[in-house]
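the following block contains a protein sequence and its predicted model.
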Amino acid sequence: MTIYFVRHGHTEWNGLGKIQGSVNTVLSDIGVAQAHALANHLQETANDIEVGAVYSSPQIRAFHTAEIIAKPLGLSVAPLPGVEEINFGLWEGCTWLELSEQFPTEFLEWTHNRRYYPAPNGESYQQVLERVIPVVSHLSKSHSENIMIVTHGGVMASLKCLIQQAPFEELEKFKVANTEVMPFSLEQLQLAKAYL
């Protein structure tokens, strides 16, 4: 069994370099086109990537992406609470440059301790992993076929970083593009649980 994680399509805030986090942004026209392109690709390569179920973060940008992907596959989308993007609290809506100016102390601490230090009124990446991994693990036990989960860049990057046992200060190396697909095996899921 393989779990295919997919990042949602492009949003206007992606284009502006704004931190989205828990904000319910919507897909841009570019994002809708990306989702359709991925849907077409999945149809054309059905023998390579076969899925029996599609789940999604309840956030609008992810759920809309999932609906576009699932429709030509003849599947419906089930919301999966727990795989939402990291909550960046007071930092949401800011650019990274604005953070260094408006929250210099907190931002500096975060850059040196990304795994465990939360944004003000937000979450740490450790907290994200502690909610995502149990949800995905529980879901995997109820399926024998491959599944797809449409989620967010922060979720996917932190999973990659954890599995490779890289310092979270190097999280940028694991950045995920809009509508990028990341296959995740049950063995990697077990590793992720062990590394939490």
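On my side now, so go ahead. Residues are numbered from 1 along each chain as shown.

ranges for the strands of this structure?
Taking DSSP state E as the criterion, the chain carries its strands at 2-7, 53-56, 77-79, 147-151, 181-185.

what's next to stretch 18-25, contact-wise?
Contacts with stretch 18-25, where a contact means C-beta atoms under 8 Å, 6 or more residues apart in numbering, come from 11-14, 59-61, 84-89, 91-96, 99, 119, 122, 154. Just so you know, the C-beta spots here come from the backbone N, C-alpha and C atoms, and that holds for glycine as well.

what about the helices in this protein?
12-16, 29-44, 60-70, 96-102, 104-112, 125-140, 153-163, 186-195 (DSSP state H).

relative to helix 29-44, how tilted is the third one?
When you say that, I think you mean helix 60-70. Helix 60-70 runs at 30 degrees relative to helix 29-44, counting by axes from the mean of the first three to the mean of the last three C-alpha atoms, to 10 degrees.

about what we covered before: save the helices of the chain as a markdown table, and put in mean pLDDT too.
As requested, the helices of the chain are exported to a markdown table (pLDDT from 0 to 100):
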| stretch | mean pLDDT |
| --- | --- |
| helix 12-16 | 97 |
| helix 29-44 | 94 |
| helix 60-70 | 98 |
| helix 96-102 | 93 |
| helix 104-112 | 95 |
| helix 125-140 | 97 |
| helix 153-163 | 97 |
| helix 186-195 | 94 |
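
contacting residues for Gln102?
Cys94.

apologies, that question was intended for Glu109.
With C-beta under 8 Å, 6+ apart as the criterion, the residues that contact Glu109 are Tyr117.

at the geometric centre of this protein, which residue sits there?
His152 (2.2 Å; C-alpha atoms, centre = their mean).

so what's it closest to, chain neighbours aside?
The spatial neighbour of His152 that comes closest, neighbours along the chain excluded (C-beta to C-beta, 6 or more residues apart in numbering), is Glu85 at 3.6 Å.

figure out which of the strands of the chain is closest to Phe174.
In terms of C-beta to C-beta, the element of the strands of the chain nearest to Phe174 is strand 181-185, at 9.7 Å.

in that closest one, which residues are buried?
Val181, Met182, Phe184 (16 or more other C-beta atoms under 10 Å).

state the mean pLDDT of it.
Confidence over strand 181-185, taken as the mean pLDDT, stands at 96.
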